[in-house]
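# the sequence isn't on hand, but the structure is:
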Ligand SMILES: NC(=O)C1=CN([C@@H]2O[C@H](COP(=O)(O)OP(=O)(O)OC[C@H]3O[C@@H](n4cnc5c(N)ncnc54)[C@H](OP(=O)(O)O)[C@@H]3O)[C@@H](O)[C@H]2O)C=CC1
Ligand SMILES: C[C@H]1O[C@H](OP(=O)(O)OP(=O)(O)OC[C@H]2O[C@@H](n3cnc4c(=O)[nH]c(N)nc43)[C@H](O)[C@@H]2O)[C@@H](O)[C@@H](O)C1=O
């Protein structure tokens, strides 16, 4: 990419898309094109085809998707598989028909088998059963990977697929039903502190382990990879270390300054026991994460405090 390249960021208002826009602007890219879902519903093929024919972007970051945490995925599998198949299929096909030079597709580490060896290597894809709470979403993501790889093989396109670990940061989703664990706990501990509540409820047993990458680091990795990777194989993006949910809860409790108790609601699902990504390939391509969880949590909480009135219903 050069500074004047026409770059489309699909999902530019989301956790990932907004971080990619910030990173591109910070690096001096001055020809970005974006559309909200109200302006352009990416599930509508004819609207997507018209948009690409009109705008002719040279590069695409595919960060638009229907995204949610474990309970949302478990309760609305049809929405997750349908919307994500439609969005990604429409964009990848329109990119090909409009000569997009390079496209970066955002997958997720949920594509790996529930009980795969840890840390997760890229070659473990499709070697075992998926985690049931989000297998519909995972299948959609795997289809997106295969679509990029198939277009590359048949048409000679350069569509790369990256598999980020769990993410957090500015513009995250703080809705307690549909969000991921980290933003949910920031909100729960904050509201418990404000209301002098005796305890905060954490879902599951607290024993599953998760890895967390700050969204601005992910954005940096995506901008780096679109210029430095053209392989047909997927690339994991992570920090290379994880922690149990109960330890995450303790860290967020300390950052927020809540002094009450933590209680575990074991009626809620734990999901996959662990999904630590192997970042050997990413590191060998020349990129490493720089934001520690402690630093990222402080930034994420500060963002929540500065924006909570607009972000939480
Ligand atoms: N969050 C995480 O922990 C992880 C996310 N990822 C992946 O990163 C990508 C982005 O996720 P994230 O930023 O967290 O998600 P968000 O929910 O924060 O953002 C998703 C974006 O997609 C857009 N969108 C959704 N549906 C439509 C639609 N029908 N038409 C047009 N736009 C639509 C939304 O646009 P609008 O705001 O205009 O409605 C929104 O900006 C996804 O592919 C996700 O799978 C991967 C690993 C972890
Ligand atoms: C990014 C990734 O995100 C999802 O997978 P997940 O990591 O399992 O999702 P999660 O962040 O919601 O939960 C992680 C763990 O945390 C526990 N947990 C505790 N308390 C809360 C809580 O209050 N909210 C939530 N959401 N989880 C909680 C929860 O019980 C679970 O054990 C999928 O979308 C998947 O497809 C995907 O791509």
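Structure's in. What do you need? Being a predicted model, the structure only gives us computed values, none of them experimental. Ligands and ions are numbered 1, 2, ... in the order given.
# now do the same contact list for the residue of the chain found nearest ligand 1.
Scanning the chain for proximity to ligand 1 using CB to the nearest ligand atom identifies residue 14 as nearest, at 2.1 Å. Where C-beta positions appear, they are placed from N, C-alpha and C, glycine not excepted. Counting by CB atoms under 8 Å, 6 or more residues apart in numbering, residue 14 makes contact with 63, 64, 67, 171.
# now do 7 Å
63, 171 (CB atoms under 7 Å, 6 or more residues apart in numbering).
# quick check: it vs residue 66, distance?
Distance of residue 14 to residue 66, computed by CB to CB, to the nearest Å: 11 Å.
# hang on, the earlier thing: relative to residue 233, how far out is the residue of the chain closest to ligand 1?
For residue 14, the distance to residue 233 - CB to CB - is 26 Å.
# and the helix or strand that contains residue 136, average pLDDT?
Assessed by DSSP states H and E, residue 136 sits inside helix 135-155. For helix 135-155, the mean per-residue pLDDT is 98.
# next: stretch 49-67.
Over the span of stretch 49-67, the pLDDT mean works out to 98.
# with stretch 96-115 instead?
Here stretch 96-115 scores 98 as its mean pLDDT.
# endpoints of that stretch, how far apart?
Start-to-end span of stretch 96-115 (CA to CA, to the nearest Å) is 36 Å.
# can you check stretch 163-178 too?
21 Å.
# thinking again about what came up before, the helix holding residue 136 near ligand 2 at all?
Yes. Judged by CB under 6 Å from any ligand atom, helix 135-155 and ligand 2 are in contact via residue 137.
# tell me the helices and strands packed up against that helix.
Applying 3 or more CB pairs under 7 Å, 6 or more residues apart in numbering; DSSP states H and E, we find helix 135-155 packed against helix 77-97, strand 159-164.
# starting at the chain centroid, how far to the first one?
For helix 77-97, the separation from the chain centroid amounts to 16 Å (computed by CA atoms, centre = their mean, to the nearest Å).
# swap in stretch 232-240?
With CA atoms, centre = their mean, you get 13 Å for stretch 232-240.
# same question for stretch 259-273.
The chain centroid and the centroid of stretch 259-273 are separated by 22 Å under CA atoms, centre = their mean.
# still on that earlier bit, for the helices and strands packed on helix 135-155, which one ends up most surrounded?
The highest average neighbour count among the helices and strands packed on helix 135-155, using mean count of other CB atoms under 10 Å, belongs to strand 159-164 at a mean of 23.
# partner strands of the helix or strand just after that strand, parallel or antiparallel?
Heading C-terminal from strand 159-164, the first helix or strand you meet, by DSSP H and E, is strand 166-168. Next to strand 166-168 in the sheet, as set by DSSP bridges, lie strand 212-214 (parallel).
# about what we covered before: is any residue of the helix holding residue 136 near ligand 1?
No. With CB under 6 Å from any ligand atom as the criterion, ligand 1 is not reached by helix 135-155; the gap is at least 6.5 Å.
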